[in-house]
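> Let's see this in three dimensions:
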Amino acid sequence: MPDDLAPANVNRAYSLAGTSIAIFTFTLTFLFPRFANGEINDVLFQVALAVLGVATFSFVFAAFLYYGASLGSIFPDADRETYSRRADRLWLLGYSLLFLDPSIILAAVGLLVVGAVWFGLWLAYLIFAIRYFPRLHAARPVSAKQRPG
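This next block holds a predicted model:
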C-alpha cells in the first residue's frame, strides 16, 4: 500500500464512522418516540439500529487497521498488506450495511414500496460488489520491496 493511501483511508473510515453515528442519533431522536408508542415495526427498528452498530464498528475497526498499515517504520510490509486487506473487507462490510439501513428504516415506518425499491438497489450494489471487489483487490499494486529484482 502506498504510504499516502493508508492515512487517507483512515480519514475516510473515521468520517464514515461519524456519519454512521450521526444517522444512529438521528434515527433514535426521530423514531424512538414512534417506537415507544408502537407506531412502527419494533423488530425492524431494532434491526436497523443493530445494522448501524455493526457498520460503525466495521468503519472504526477498518480505520484502526488502516492506521496500522500506515506505520511503515514499525511493521513489515507483509503485516501492512495484511492489515490493509482486513481493513478493506471491514470497510466494504460497513459501507454495504450503511447502504442497507435506509431500506430497513423505510420498512419499519411502513413505507414498504419505497423500502422495497431501496432494498432492490442495495441488492444490485451487493451483486456488483461481490462480482467486482475481488478483482479490484487483486489488482492492487505490489510494493517496491515485494517486486522481484
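
> which residues touch the residue most central in space within the chain?
Per Cα atoms, centre = their mean, the C-alpha nearest to the average position across the chain is that of Gly94, at 1.7 Å. Applying Cβ atoms under 8 Å, 6 or more residues apart in numbering, we find Gly94 in contact with Ala13, Leu16, Ala17, Ser20, Val54, Ala55, Thr56, Phe57, Ser58, Phe59, Ala62. The way it works is simple: take the backbone N, C-alpha and C, and place the C-beta from them, glycine included.

> Pick out the most distant pair among these.
Ala13 and Val54 (14.4 Å; Cβ to Cβ).

> Which one's more surrounded, the two?
With neighbours defined as other Cβ atoms under 10 Å, Ala13 and Val54 compare such that Ala13 has more, 25 against 15.

> in what helix or strand does that one lie?
helix 5-36 (DSSP states H and E).

> Could you give me the buried positions within that helix?
The neighbour-count criterion (16 or more other Cβ atoms under 10 Å) identifies 6, 9-10, 12-14, 16-17, 20-21, 23-24, 27, 31, 35 as the buried residues of helix 5-36.

> Now flag whichever of these is closest to Ile74.
Proximity of the buried residues of helix 5-36 to Ile74, judged by Cβ to Cβ, is greatest for Ala6, which lies at 12.3 Å.

> give me the low-pLDDT residue ranges for this protein?
1-7, 14, 75, 135-149 (pLDDT under 70).

> rerun that using 50 as the cut-off
Where the chain drops to pLDDT under 50, the residues are 1, 142-149.

> Could you single out the nearest of the buried residues of helix 5-36 to Leu71?
Ala6 (8.3 Å).

> so who does Leu97 touch?
Counting by Cβ under 8 Å, 6+ apart, Leu97 makes contact with Val51, Leu52, Val54, Ala55, Ser58.

> element containing it?
helix 77-108.

> Let me have the contacts of Leu97 in a markdown table, extended by secondary structure and distance to Leu71.
As requested, these are arranged in a markdown table below (DSSP: H, G, I helix; E, B strand; the rest coil; distance: Cβ to Cβ, whole Å):
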| residue | secondary structure | distance to Leu71 |
| --- | --- | --- |
| Val51 | helix | 31 |
| Leu52 | helix | 30 |
| Val54 | helix | 26 |
| Ala55 | helix | 25 |
| Ser58 | helix | 21 |
